[in-house]
Structure formats: structure tokens, C-alpha cells
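Asks: structure for the following, please:
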Amino acid sequence: MSRTADRSRFLITLIRVFALVLIGVSVFSFWKKWNFLENATRTTGQIVDIDRKESLGKDRKTEVTYYPVFSFLDQAQVEHRVRSRAGNNPARYSVGDQVEVGYLAQNPTDAEIIGEWMFWMAPVFSGFFGVILGIIGFSSRRKRKSGPSA
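Replies: Below you'll find the predicted structure:
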């Protein structure tokens, strides 16, 4: 077998493995999000601040991401203040906006804004790219040596 064929087979195998890993990450992430929603207590919260984070982008320009900070009252009427894990640019929320919040009763600081599209971003994107790579990797067929027919 030629060196080029070996490289091609290795690349296809790598694409297949990466596709399966991404699909696995998607399924696991989806399960975690679904489990959170099934167990979360829902309430209304309010955006109380916007946390601005600057980072250096690939082109050496400063990139800004805005993270909403929200507060809500749990079932015991204790107020909690949480910074969202999901950030946007431009900022999606303004101070004073009402949001739907889900939190776990045993750990109210593990709260998320439910209506945020970024809540589902990890399972959707990893699943999408896993399927695309799977189509590429599993639809490519190895060329078979054609020998003389008997």
C-alpha cells in the first residue's frame, strides 16, 4: 500500500473518531441540560448587572463579551446573584430585564437563564459538527484493489 493511501486511511479514521467523540459530547451535554431542566425549580429573575470581559482575539484586537448577572429569590425567599456562563456581543440583555431562571434547590447558585439560546449551544453545535464529520468520514469508501475476474 502506498504512503498516500496510508495517510488517507489515517485521516479518514481520525475524522470518524472525532465525529463519534463530538456526537458523544452532544448526547452527554444534551442529557445534562435535559436533566437540569427536569430537576430545576423555575422562577423569574432580573438582570442586575452586565459583566464586561475583554480578551485578546486572534487578530490581536480586543474582543468584548458581555455576561448578564441576574438575581432571583429561591423558594425560601433568599436572594441569589449569579453571573451567567453564557456571554454575548452585543449584550443580549439590559439591566432591569426580566428573565426565566432555573436553579437546583440543593444548590441555588447553580442557576441558568432558561430562555437563552446559548443554554442549548453545546449540544446543538457539537452534534451538528459531529454529524457533518460523520457524513464525511463514514461516506468515504476505501478504494479496493481490483484484481482479475475469474
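Asks: tell me which element the residue lying closest to residue 140 once chain neighbours are set aside is part of?
Replies: If you skip the residues right next to it in sequence, residue 140 has residue 12 as its closest partner in space, 5.4 Å away by Cβ to Cβ, 6 or more residues apart in numbering. In this view, the C-beta of every residue, glycine as well, is placed from N, C-alpha and C. Residue 12 is part of helix 3-39 when elements are defined by DSSP states H and E.
Asks: distance between the helix or strand that that helix is followed by and the chain's centre?
Replies: Once helix 3-39 ends, the next helix or strand along the chain (criterion: DSSP H and E) is strand 41-56. For strand 41-56, the gap between its own C-alpha mean and the chain's C-alpha mean amounts to 18 Å (Cα atoms, centre = their mean, to the nearest Å).
Asks: and strand 41-56, C-alpha only, in PDB?
Replies: Output of strand 41-56 as PDB, limited to C-alpha atoms (Å, rounded to 0.1, in the frame of the first residue of the first chain):
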ATOM      1  CA  THR A  41     -37.100  25.000  40.000                       C
ATOM      2  CA  ARG A  42     -38.200  27.800  37.800                       C
ATOM      3  CA  THR A  43     -38.700  31.400  38.800                       C
ATOM      4  CA  THR A  44     -38.500  34.900  37.400                       C
ATOM      5  CA  GLY A  45     -35.300  36.700  37.800                       C
ATOM      6  CA  GLN A  46     -34.000  40.200  36.900                       C
ATOM      7  CA  ILE A  47     -30.800  41.300  35.200                       C
ATOM      8  CA  VAL A  48     -29.000  43.400  37.800                       C
ATOM      9  CA  ASP A  49     -25.700  43.900  36.100                       C
ATOM     10  CA  ILE A  50     -23.700  43.300  32.900                       C
ATOM     11  CA  ASP A  51     -20.200  41.900  33.400                       C
ATOM     12  CA  ARG A  52     -17.900  43.000  30.700                       C
ATOM     13  CA  LYS A  53     -14.900  40.800  29.900                       C
ATOM     14  CA  GLU A  54     -12.200  41.800  27.500                       C
ATOM     15  CA  SER A  55      -9.900  39.300  25.800                       C
ATOM     16  CA  LEU A  56      -7.300  39.400  23.000                       C
END
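Asks: having no further points to raise, I will conclude here.
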